[in-house]
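Trainee: model this:
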Amino acid sequence: MVKRVWLLAIASLLFLCVLPGNADASEKQFDLVLVHGLTNKHRWSDGFLRALVNEWGSGNVYVIYTNESMQVSKRAIDGKTVTFIGKNDFTAGDDSVEDQARMMAEKIEVLKRDHGLSPQFNIIAHSMGGLVSRQYIYDHPNTVAGLVTLGTPHHGSPLATDFDWISFFIGAEAAMDNLRPEWVEDFNRRCPVEGSPLYDGGKMYTIRGDSDGKIWEWGAMGELFVGWHTLHKKHGTDSDGLVPHGSAVIDGAEHIADFPDYHHLDLVTREEVAKKAAEVLR
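Mentor: Just a heads-up that it's a prediction; the model follows:
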């Protein structure tokens, strides 16, 4: 009789272990969405995407480009599928925060309806994409389970004022205006991190770089070289080359990592950054 009781208990435990919700302890409850920064000049590397798709699994990582294009494509990385929506060019990320959040919302609906994106999901956002994601969270409460920002100017960057004339030539006047410190401080009053309507007690996290060891890095078009020297010499601040050290963090979000000698572009190319972001979104 005792032996039979023990056998039943063991059988019950085995049954619980193979239930769908317990099949894989590392299985992600929420899919992952990536949001790029200003004008999509700094792009996710294959190594960065590989680290994430190996963590989330095939078909659970989605990359959004914030332009009007609704084209969808898929790529295999390490034999696992990553889904992209939008056009991967410099028309992405050149509109205002509000307009980019609207485009983001339209693409998310398509991904949910036709491509299996989970009803709630996590976001990893680079630079201005962090502000866009914060706007999306307020526009769509209880949808985002967690957000990690990489080098996001949560208090703006004085470079947006110093070099506002460049925005005309790159077609990004609205985006650049929304990166000025004055605009972002008003945005922080309207969409504070503290009290953001995340899903089920979700959290925001920040990661920042510090390019002091890479002051001669060029970037996509010289922006890192000019940005670092302007912020250092004119504004007296450390930076990742584009975002001042103090602007990449904000009250209400948990700061999880500094990456010394990683500049703004490194934050979307280095696997170590992807793995650190994934660690807190599990």
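Trainee: Show me what the most centrally placed residue in the chain is bridged to.
Mentor: Closest to where the C-alpha atoms of the chain average out (C-alpha atoms, centre = their mean) is residue 125, at 1.4 Å. As for beta bridges, residue 125 partners with residue 35, residue 149 under DSSP bridges.
Trainee: how much space between residue 85 and residue 117?
Mentor: 10 Å (C-beta to C-beta, to the nearest Å). Using the backbone N, CA and C atoms, a C-beta is placed for each residue, glycine as well.
Trainee: Would you confirm that the residue nearest to the centre of the chain contacts residue 148?
Mentor: Yes - between residue 125 and residue 148 there is a contact at 7.3 Å, judged by C-beta atoms under 8 Å.
Trainee: before we move on, the earlier item: where do the contact lists of residue 85 and residue 117 overlap?
Mentor: 62, 111 (C-beta atoms under 8 Å, 6 or more residues apart in numbering).
Trainee: Wait, residue 88 touches residue 65, no?
Mentor: Yes - using C-beta under 8 Å, residue 88 is in contact with residue 65, at 5.6 Å.
Trainee: Give me the common contacts of those two.
Mentor: Common neighbours of residue 88 and residue 65, using C-beta under 8 Å, 6+ apart, are residue 40.
Trainee: More neighbours: the two, which one.
Mentor: Higher neighbour count among residue 88 and residue 65: residue 65, with 25 against 18, using other C-beta atoms under 10 Å.
Trainee: contacting residues around that one?
Mentor: Contacts of residue 65 by C-beta under 8 Å, 6+ apart are 36, 40, 84, 85, 86, 87, 88, 89, 92, 93.
Trainee: Between the residues you listed, which sits nearest residue 254?
Mentor: The nearest member of the contacts of residue 65 to residue 254, counting by C-beta to C-beta, is residue 36 at 22.6 Å.
Trainee: burial measure for that closest one, as a count.
Mentor: So residue 36, with other C-beta under 10 Å, has 26 neighbours.
Trainee: pretty sure it contacts residue 130?
Mentor: No - contact criterion C-beta under 8 Å: residue 36 and residue 130 do not qualify, at 10.5 Å.
Trainee: any weak-confidence spans in the stretch 101-250 of the chain?
Mentor: By pLDDT under 70, the weakly predicted segments of the stretch 101-250 of the chain are 168-170.
Trainee: Now do the helices in it.
Mentor: 128-139, 159-162, 166-170, 173-177, 181-190, 223-233 (DSSP state H, counting those that start in this stretch).
Trainee: for the fifth one, packing partners?
Mentor: Counting contacts by 3 or more C-beta pairs under 8 Å, 6 or more residues apart in numbering; DSSP states H and E, helix 181-190 packs against helix 128-139.
Trainee: The first one now?
Mentor: Judged by 3+ C-beta pairs under 8 Å, 6+ apart, helix 128-139 is in contact with strand 31-35, helix 97-115, strand 121-126, strand 144-150, helix 181-190.
Trainee: I appreciate the help and will end here.
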